[in-house]
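Visitor: Let's see this in three dimensions:
(chains A, B and C)
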Amino acid sequence: MNDAACDLLDEYLAKARSGERAALASLVRAHQRTVYSLALRMLGTRDLAEDLTQDVFMQLNGNLSAIESNRHLGFWLRQVTTNRAIDQLRRRSRVQLTSLDEEPELFCAEDGADPLLQRHLRALLSDLSPQARAVLLLRYQEDLDPMDIARTLDMPINTVKSHLKRSLETMREKTGGATLRCEDQPT
Amino acid sequence: MQKYTLPMLLALLGPALAWAAPDPKLLMPEFSGLAQKASESVTITLDPTLLSMAARFLDGNDPQDAATKEIIKGLRGIYVRSYTFDKDAEYAQSDIDAVRSQLSAPGWNPLVQTHSRKTRADVDIYIMLDHDQAVGLALIASEPRQFTIVNIIGAIDLDKLHKLEGQFGVPKLDIDGPKTPAQGTRK
Amino acid sequence: MNHDIESGMRSALRPLAPSEEFSQQLLARVAADPQARQKSYGLMPRIARPLAWWLATSLAACLVLAVGVERHLEQQRSQQSGLEARREVLQALRVTSQKLNLAYEAVKSESTSLPDEKPGD
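Guide: Take a look at the predicted model:
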């Protein structure tokens, strides 16, 4: 986001803090994609993602006075969204069944998108622990560096780096960097 | 008033009747976190799009490819989840039971149910029939350090499946259509 | 290799917009929240025209450059995807046949015979 856009959002934030609803609506519109995408890719279903998105912005409404800048707002939204999603995933029942055909669209459907990479990514996301999933999304969806991820999730930076390293290794294996051992087994 | 009753009744019953048609797709647990514990994992999700993509790249001049192409011609999905661990009891039996319990739903016919004392392996193979035509296959194999779930959707030709076993160097099972299952000693 | 994978992941994980219906509901809900204090007047500031024009022009230039490169990469990816799908089909059927063999071995070792079919089946 360039400086001019940031200045504009800072202006909206100031007006939203003083009660201007239109400014608050602009902030919601500016940040809803981030919050919704994090929620959807953490929780895996549209309904839960929409509920969480709504909860996060309602919580924001009550905490606007504590937000100092648009940059701080971005940090706050990512932190609250991922932490609440992690909490929800921890509380989920042990066995959660999903129809393989009802999985929501989690990825950008653009021309030239690699469907196999997306499937590997979907499998990776579902295999990761909630914390590791959050690390991956903050890195590759939000483009945060490891230090910012560590601050957002209140996690040691070495743990962040370790999660990223393992995730990349898994993706490399899945996309053919190394063949799976099953192929080498005699039939 | 009476002439409106039958259409209303059909409108009410329609969804229920549609729902009653057996569905060969199994619901799978997320198995989150297992990939990190497993020494090997196989996660394959092939929908109709990917199956037809694969068919285009199967070489008709190669015997294995040709046999494979024949088998997948009538298929609408192949789903595999397989995890191997270095120690016993690294996965939750409840996850496997959640899938196995779906095979007692109407439509599924047990083909083979075995238990091996030597390998401590349970293997259940079920077929879903629609007017004597196989429209789905479910295979659940569990051992102390490994489990595999295979779900195949579509018109499975059991004759071609026999040939498949030969192609992969596997002896024929001598299965000839749906029978009362072969019972191994199940603990 | 890592760069390609990371690039693919960034591309796949670009933020998604929620449905328009949800978006409207969210805005309405936030606006109706008692914690949102209503001011007596509020003027939406004008978006600076030069900013919007500059952004649009930069974006168009980047897109033109990217299209040519992307087309070439797309062909390569398509071929790779097809070969990968073929590999997965073979692997899936191999795993299936291995487990069929497991069942076969169990049946053979237990030496059970199939019971007669029930009448009327």
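Visitor: all strands of chain C, in order?
Guide: Taking DSSP state E, chain C contains no strands at all.
Visitor: By residue count, what's the longest helix in it?
Guide: Counting residues, the longest helix found in chain C (DSSP state H) is helix C:49-110.
Visitor: Show me the shaky parts of the chain.
Guide: Picking chain A for this. Applying pLDDT under 70 to chain A flags residues A:1-3, A:93-104, A:108-113, A:176-187.
Visitor: oops, chain B please
Guide: B:1-21, B:32, B:158-187.
Visitor: Show me where it has its helices.
Guide: B:5-20, B:34-37, B:48-56, B:63-72, B:93-100, B:158-167.
Visitor: hang on, A:L124 packs against A:T175?
Guide: No. Contact criterion C-beta atoms under 8 Å: A:L124 and A:T175 do not qualify, at 10.3 Å. For the C-beta atoms, the positions are set from N, CA and C on the backbone; glycine is no exception.
Visitor: got the contact list for the nearest residue to B:L75 once chain neighbours are set aside?
Guide: Take B:L75 and drop its neighbours on the chain: the residue closest to it by C-beta to C-beta, 6 or more residues apart in numbering or on different chains is B:G154, 3.6 Å away. Contacts of B:G154 were listed using C-beta atoms under 8 Å, 6 or more residues apart in numbering or on different chains, and they are B:G74, B:L75, B:R76, B:G77, B:V135, B:G136.
Visitor: Buried subset of those, written for ChimeraX?
Guide: A single ChimeraX command selects the buried members of the contacts of B:G154 (16 or more other C-beta atoms under 10 Å in any protein chain shown):
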select /B:75,76,77,135,136
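Visitor: what's the closest of the contacts of B:G154 to chain A?
Guide: Of all the contacts of B:G154, chain A sits closest to B:G77, with 7.5 Å by C-beta to the nearest C-beta.
Visitor: Who is the closest one paired with across the strands?
Guide: Here B:G77 sits in beta bridges with B:I153, going by DSSP bridges.
Visitor: List the contacts of it.
Guide: A:L100, B:K25, B:L46, B:D47, B:P48, B:L51, B:N151, B:I152, B:I153, B:G154.
Visitor: what's the answer for B:I140, then?
Guide: By C-beta under 8 Å, 6+ apart, the neighbours of B:I140 are B:I96, B:V99, B:R100, B:L103, B:D122, B:V123, B:D124, B:F147, B:T148, B:I149, B:V150.
Visitor: same thing but at 6 Å, please
Guide: By C-beta atoms under 6 Å, 6 or more residues apart in numbering or on different chains, the contact list for B:I140 reads B:R100, B:D124, B:I149.
Visitor: OK, contacts around the second one?
Guide: If a contact means C-beta under 6 Å, 6+ apart, then B:D124 has B:Q113, B:I140 as its contacts.
Visitor: how near is it to B:E40?
Guide: B:D124 sits 22 Å away from B:E40 when distances are taken as C-beta to C-beta, to the nearest Å.
Visitor: what do you get for the last one?
Guide: Counting by C-beta to C-beta, the gap between B:I149 and B:E40 amounts to 15 Å.
Visitor: The two: which is more packed in?
Guide: B:I149 (23 against 15; other C-beta atoms under 10 Å in any protein chain shown).
Visitor: for B:F57, phi and psi?
Guide: For B:F57, the backbone dihedrals (degrees, to the nearest 10) come out as phi -100, psi 10.
Visitor: got a winner among the contacts of B:G77 for most neighbours?
Guide: Using other C-beta under 10 Å as the neighbour criterion, B:I152 leads the contacts of B:G77 with 27 neighbours.
Visitor: okay, now the nearest residue to that residue once chain neighbours are set aside: neighbour count?
Guide: Computed as C-beta to C-beta, 6+ apart, the closest residue to B:I152 that is not its neighbour in sequence is B:L137, at 4.3 Å. By other C-beta under 10 Å, the residues close to B:L137 number 23.
Visitor: partner residues bridging B:L137?
Guide: B:L137 has these beta-bridge partners by DSSP bridges: B:I127, B:I152.
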